[in-house]
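[1] need a 3D model of the sequence below.
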Amino acid sequence: MTTVLATPPLVLVSGFIGLVGALLLVAGLVALRRRRPFRFVIRTLSGLLLLSLGALGGAVGLGMQGYRALTREDLAARIVVQPIGPQLFSATVHIPGRTESSYYELAGDALYIDAHILKWHPMANVIGLHTAYELDRIAGRYDDIERERNAPRTVHSLAPDRWVDLFSLRTRYAILAPALDAEYGSGTFARVTAPGEFHVLVSTTGLLIRQIAVP
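    Residues are numbered from 1 along each chain as shown. Presented below is the predicted three-dimensional model:
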């Protein structure tokens, strides 16, 4: 069963590190007041370093919120489709863990959906960071390349709004590279020719889509 990632221990550890950093800064100010410049410099630099590490770790932990833990093969979404015109269909998306469904009108011959997948090194697993995924966008896809280039495009975001974008954070901070084994996008599509239901599944190799027979 897929579960939304809870607050990882990384957030708690980062908070503790930040607290120690703040205490060191206070100790540095005390050393400065007592005219002990060497202790002031050491404690202040150490405090700033710990505060920076705590802030970065906390940002990573918060950025993981909304991602879902990946086991072997998980149901990422259930999508009910209904043709409503030539190369036009509706898609009602049900995502596990979300109380409301989303409705979209998509142009094209096929349903397309993709996701972000984060794979952490084993050493990061110790602090609660495990392979996880988050659906990113849904779109219509044309079979004909010329239509894909020139016909109306319909693309919608499936990712929730967040304060911390973990993919952007990884790009900005190379310090995360040793902990993050891989970051990649995975997409899949299926033709829509009649009313039906599709299950979008995510595995350790990426996304796949499976049409469900309607009795």
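
[2] name the helices or strands packed onto the host helix or strand of L29?
    Following DSSP states H and E, one finds L29 within helix 9-33. Here helix 9-33 touches helix 37-63, going by 3 or more Cβ pairs under 8 Å, 6 or more residues apart in numbering; DSSP states H and E. C-beta: built from backbone N, CA, C; applies to glycine.

[3] partner strands of the one helix or strand A91 maps to, parallel or antiparallel?
    In this assignment (DSSP H and E), A91 forms part of strand 88-94. Looking at strand 88-94 with DSSP bridges, its partner strands are strand 73-85 (antiparallel), strand 102-107 (antiparallel).

[4] so where is the chain shaky, pLDDT-wise?
    1-13, 15, 56-73, 122-130, 162-183, 204, 213-215 (pLDDT under 70).

[5] the domain parsing of this structure - what is it?
    9-63, 68-212 (automatic domain parsing).

[6] looking at it, L50 is touching G18, isn't it?
    Yes: L50 is within contact range of G18, at 6.8 Å (criterion: Cβ atoms under 8 Å).

[7] picking that back up, now the domains of the chain in TSV, with mean neighbour count?
    Listed next are the domains of the chain as TSV, based on neighbours: other Cβ atoms under 10 Å:
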stretch	mean neighbour count
domain 9-63	16
domain 68-212	16
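
[8] tell me the contacts of the closest residue to A110 other than its chain neighbours?
    Closest residue in space to A110, ignoring its immediate chain neighbours: R141 at 4.2 Å, by Cβ to Cβ, 6 or more residues apart in numbering. The contact partners of R141, taken as Cβ atoms under 8 Å, 6 or more residues apart in numbering, are 108-112, 148, 189.
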